[in-house]
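Chemist: Predicted structure and sequence below. I'll ask about it afterward.
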Amino acid sequence: MDYIAVYNSQYMLTIFHDCRLIDGVADRVSEHIDVLIDNGKIKAIEPTRERYPAEGMLISGVGYTLLPGLIDCHAHYTLDPWAKDPFSQIATEPVGMTMLRAARTARDGLYAGVTTVRDAGAPRQLNFLLRDAIAKGLVPGPRLLAPGCAITITGGHGITFGVEADGMDALQKAVRAQMRDGADVIKIVASEAAMLTGPEAAVEELTQDEINMLVGEARRRGLRIFSHAQNSVSVMRSARAKVDSVEHAFLADADAIRSLRDNNVTLTPTLAVTEITLERDDLTPEFRSRMLHIRDKHWWSCEEAIRIGVNVVASTDCGEPCIYPSHLWRDIRILHDRGLSKMNAIKAGTSRAAELLGVQASVGTIVAGKQADCILVNGDPLVDMAALGKVALVMQAGQVVFRS
């Protein structure tokens, strides 16, 4: 790529010149397109022309594809994916070290083209610290929508990154505490986790009335809410309560998947986590057998959701061992493998993800007037989806924050 910088400004005029464009809106790619960025926003999108004013920065897009910045709808940036046991590590090490590790994760996510993330829970509300550090420019990273602690029952799944509460009164107090302290979104844990307990033991943990109340509390404050739910009962309870999205649904049957569609609830399947976990060479035979069983059920539930028209979005579950922030492109590719078209899989990690998170007015598409969150990737992801992992440049809010 060629760069021509002529004057200094926080937001200089930038022109992506002669690009292949996937804008997150259209169902087809556009060739030979110029995208003009001014004052942090997308100013114009027009056919390529030869001459522009001298002032500004010209970025050649020949051979590259320009896309909206990627959006990860489920990640734990305060859990260290490079650790053998992130859960034990975060429970024992000093908070300062945890935050340094989180800053590394955020930086790597941004440099991989992820410009927005919905965090899925952190101990001691540490995701608030990370969110605010990124927003203030103290560390590079995606804009972070943080729930604080996930809401779980005593001894339930997520106690490492959640707050424990039992019964209607305690759960209500717990969710109100997250909102008081600055939650952008609410995360609840409605079931155990099959990867940890096994498919047969992954039972529901919140009642229908409890989920209804938690959803009502979130709506009262105008917040969105998402639910960790893996077995059929927990998925159906979450859907009936009309959460915004259900996470995982590894073990959901046809009735549970249909309940997502019927209640207009999005599925965040986190497909990358089961595939990448099986690539590890340190799994015991027992755990590998469990994962293969879960993966097959996971694939089926996602395929069924896609088949019947459930809205599906991309995510990593970064923070699990070996699930890195740069793996979002792989989740997008697996969504295609499970039944989405390549273009719809890309939208699952851009425009549809933005709609789920409620940030579509500013990001998720390359449209005039929106914030300039853009990435250039080497090649054409509609030919080879691995191109999404070959990020050459990342622009966040009109500023180039990474180039390879």
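Modeler: Perfect, I can see it now.
Chemist: which residues does residue 211 contact?
Modeler: Residues near residue 211 by Cβ atoms under 8 Å, 6 or more residues apart in numbering: 188, 190, 227, 237, 238, 241, 243. Every C-beta, even on glycine, is put in place using the N, C-alpha and C of the backbone.
Chemist: Check those and tell me the two furthest apart.
Modeler: Across the contacts of residue 211, the longest distance by Cβ to Cβ is 10.5 Å; it joins 188 and 237.
Chemist: Give me the common contacts of the two.
Modeler: 206, 211.
Chemist: Settle it for me: which of those two has more neighbours?
Modeler: residue 188 (30 against 25; other Cβ atoms under 10 Å).
Chemist: if you skip the residues just before and after it, what's nearest to that one?
Modeler: residue 151 (4.7 Å; Cβ to Cβ, 6 or more residues apart in numbering).
Chemist: Looks like that neighbour contacts residue 171 (just checking).
Modeler: Yes. Assessed by Cβ atoms under 8 Å, residue 151 is found in contact with residue 171 at 6.4 Å.
Chemist: Give me the more crowded residue out of those two.
Modeler: Higher neighbour count among residue 151 and residue 171: residue 151, with 32 against 24, using other Cβ under 10 Å.
Chemist: my read is the more buried one is in a strand, agree?
Modeler: Yes. Read with DSSP: H, G, I helix; E, B strand; the rest coil, residue 151 is one of the residues of a strand.
Chemist: Distance-wise, check it relative to residue 163.
Modeler: Distance of residue 151 to residue 163, computed by Cβ to Cβ, to the nearest Å: 6 Å.
Chemist: Now find how far off-centre the helix ranked longest in the chain is within its chain.
Modeler: Using DSSP state H, we find that the single longest helix of the chain is helix 285-308. The chain centre lies 20 Å from the centre of helix 285-308; the measure is Cα atoms, centre = their mean, to the nearest Å.
Chemist: Stretch 210-222 now?
Modeler: Centroid displacement of stretch 210-222 relative to its chain, using Cα atoms, centre = their mean, is 22 Å.
Chemist: And for stretch 173-180?
Modeler: Chain-centre distance of stretch 173-180: 23 Å, with Cα atoms, centre = their mean.
Chemist: same check, this time on stretch 171-188
Modeler: 20 Å.
Chemist: pLDDT below threshold where in the protein?
Modeler: 1-11, 52-54, 200-201 (pLDDT under 70).
Chemist: Quick one: the helices in it, in order.
Modeler: Using DSSP H, the helices of the chain run over residues 86-92, 95-111, 126-135, 167-180, 194-197, 208-220, 232-240, 254-262, 271-277, 285-308, 328-337, 342-348, 351-357.
Chemist: Please produce TSV containing those, extended by distance to residue 380.
Modeler: What follows is the helices of the chain, written out as TSV (distance: least, Cβ to Cβ, whole Å):
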stretch	distance to residue 380
helix 86-92	35
helix 95-111	21
helix 126-135	31
helix 167-180	42
helix 194-197	35
helix 208-220	40
helix 232-240	36
helix 254-262	32
helix 271-277	22
helix 285-308	23
helix 328-337	14
helix 342-348	10
helix 351-357	19
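Chemist: out of those, which comes closest to residue 402?
Modeler: Smallest distance to residue 402 across the helices of the chain (Cβ to Cβ): 4.4 Å, for helix 95-111.
Chemist: so what does the closest one touch, helix or strand wise?
Modeler: Secondary-structure packing of helix 95-111 (3 or more Cβ pairs under 8 Å, 6 or more residues apart in numbering; DSSP states H and E): helix 126-135, strand 391-396, strand 399-403.
Chemist: So for the shortest one, what gets flagged as buried?
Modeler: Read it as strand 399-403. Within strand 399-403, the residues that count as buried by 16 or more other Cβ atoms under 10 Å are 400, 402.
Chemist: and the spatially most central residue of the chain, bridged to which residues?
Modeler: Geometric centre of the chain, nearest residue: residue 72, 1.5 Å, by Cα atoms, centre = their mean. Per DSSP bridges, the residues bridged to residue 72 are residue 117.
Chemist: if we can go back for a sec, which other residues reach the longest helix of the chain?
Modeler: Residues outside helix 285-308 that contact it (Cβ under 8 Å, 6+ apart): 194-195, 198-199, 248-254, 256-258, 260-261, 267, 269, 271, 274-275, 277-278, 283, 312, 335, 338-340.
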